[in-house]
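Student: need coordinates for the following:
(one chain, ligands or ions: 1)
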Amino acid sequence: MAATLSRLDISVDGVSVTYNNARLALYNATCTVEPGTITALVGPNGSGKSTLFKSIMGFLQPSQGRVRIGGFSVQKAQKQQLMAYVPQADEVDWNFPVSVFDVVMMGRYGYMNVLRIPSAKDRRLVMESLERVGMVKYRDRQIGELSGGQKKRAFLARALAQEGKVILLDEPFTGVDVKTEKGMIDLLMELRDEGHTILISTHDLASISTFCDHTILLNRTILAQGKTEETFTKENLELTFGGLPMLSLNQMFESTEVDA
Ligand SMILES: Nc1ncnc2c1ncn2[C@@H]1O[C@H](COP(=O)(O)OP(=O)(O)OP(=O)(O)O)[C@@H](O)[C@H]1O
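Tutor: Numbering: from 1, shown residues only. Presented below is the predicted three-dimensional model:
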């Protein structure tokens, strides 16, 4: 893996997305993910987090607005393998007859010709990525035969093998135990220190202030963004989540204060 990287920002400018059912999922979203940071994307269910990820990755075309990755168009960033994506579990066909090794090798496809014959370098990077997430011993398992946490780590390894400078993770801690989450957070911080730009959506609000440099709050549009200590406030969370009971917020801030 490269020791140092050129750091890339993500710039989202006035992005709106309407799905086929005419539902406006995202409205005039404008935000910046600073280069070489871990940035949390926070919002309630259905607030548009996955839609924003898919717009950044170029999986869907916004009806308005523009996304740039390190100044490049999304299309150019895709061609240059600048972005890697760890999807939500329900976006994956777990019955697909591929091993963990095969899934991680998919991260190398963008570097191969049409015959997709892996080079020695491709194999080395796949093994290094599996090692980094502690999944070498599961490399021959069919992907459906993994636990929730192992599945997440397999897809994180695919992102590492892809060598994307920008890594997007859509709810990587769902169904993951505390120890595995801690291991993943440590790895994300290492990747950040190597210069990766990381955007992560999570419902685990309690851990955000422990590892996310910046936070973006979303509910159909961007409601607040900035350094976590300035943005991840009770007032902004109330604005974003609306119906979240005051008791839950009070408990979370009390436990954050105790941990700090
Ligand atoms: N393919 C689709 N077709 C139509 N509507 C969609 C589609 N995908 C998402 N939506 C709608 O767009 C809105 C935003 O969905 P999105 O998946 O981006 O939210 P989210 O913040 O990622 O939610 P969650 O936290 O539950 O994963 C929701 O109202 C959802 O029902």
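Student: sec struct for Tyr85, please.
Tutor: Three-state assignment for Tyr85 (DSSP: H, G, I helix; E, B strand; the rest coil): strand.
Student: next, count neighbours for it.
Tutor: Tyr85: 20 surrounding residues under other Cβ atoms under 10 Å. No exception for glycine: its C-beta is placed from N, CA and C like everyone else's.
Student: find me the pLDDT at it, would you?
Tutor: We have a pLDDT of 93 for Tyr85.
Student: please apply the same query to Thr231.
Tutor: So Thr231 comes in at 96 (pLDDT).
Student: now do it: how many residues are near it, please.
Tutor: Using other Cβ under 10 Å, Thr231 has 20 other residues around it.
Student: phi, psi for Gly149 please.
Tutor: phi -70, psi -40 (degrees, to the nearest 10).
Student: do the same with Gly14
Tutor: Backbone torsions for Gly14, taken as degrees, to the nearest 10, come to phi 60, psi 40.
Student: that one touches Ala29, doesn't it?
Tutor: Yes: applying Cβ atoms under 8 Å, one finds Gly14 in contact with Ala29, separated by 7.4 Å.
Student: what do these two both touch?
Tutor: Gly65 (Cβ atoms under 8 Å, 6 or more residues apart in numbering).
Student: now do the contacts for the residue of the stretch 51-200 of the chain found nearest the ligand.
Tutor: Of all residues in the stretch 51-200 of the chain, the one sitting closest to the ligand is Thr51 (3.4 Å; Cβ to the nearest ligand atom). Contacts for Thr51 (Cβ under 8 Å, 6+ apart) come out as 17, 25-26, 60.
Student: of those, which is the most crowded?
Tutor: Within those, most neighbours by other Cβ under 10 Å means Leu26, with 27 neighbours.
Student: ok so the residue of the stretch 51-200 of the chain closest to the ligand is a helix residue?
Tutor: Yes: counting by three-state DSSP, Thr51 is located in a helix.
Student: setting aside sequence neighbours, what's the nearest residue to it?
Tutor: Ala25 (4.4 Å; Cβ to Cβ, 6 or more residues apart in numbering).
Student: what count of nearby residues applies to Thr221?
Tutor: Using other Cβ under 10 Å, Thr221 has 17 other residues around it.
Student: where along the protein do the helices fall?
Tutor: Ranges of helices within the chain are 49-57, 74-79, 100-106, 120-132, 148-162, 178-193, 205-211, 228-231, 234-241, 246-259, based on DSSP state H.
Student: those: which one's closest to Arg141?
Tutor: Closest to Arg141 of the helices of the chain is helix 100-106 (Cβ to Cβ; 5.4 Å).
Student: kind regards, and thank you for your time.
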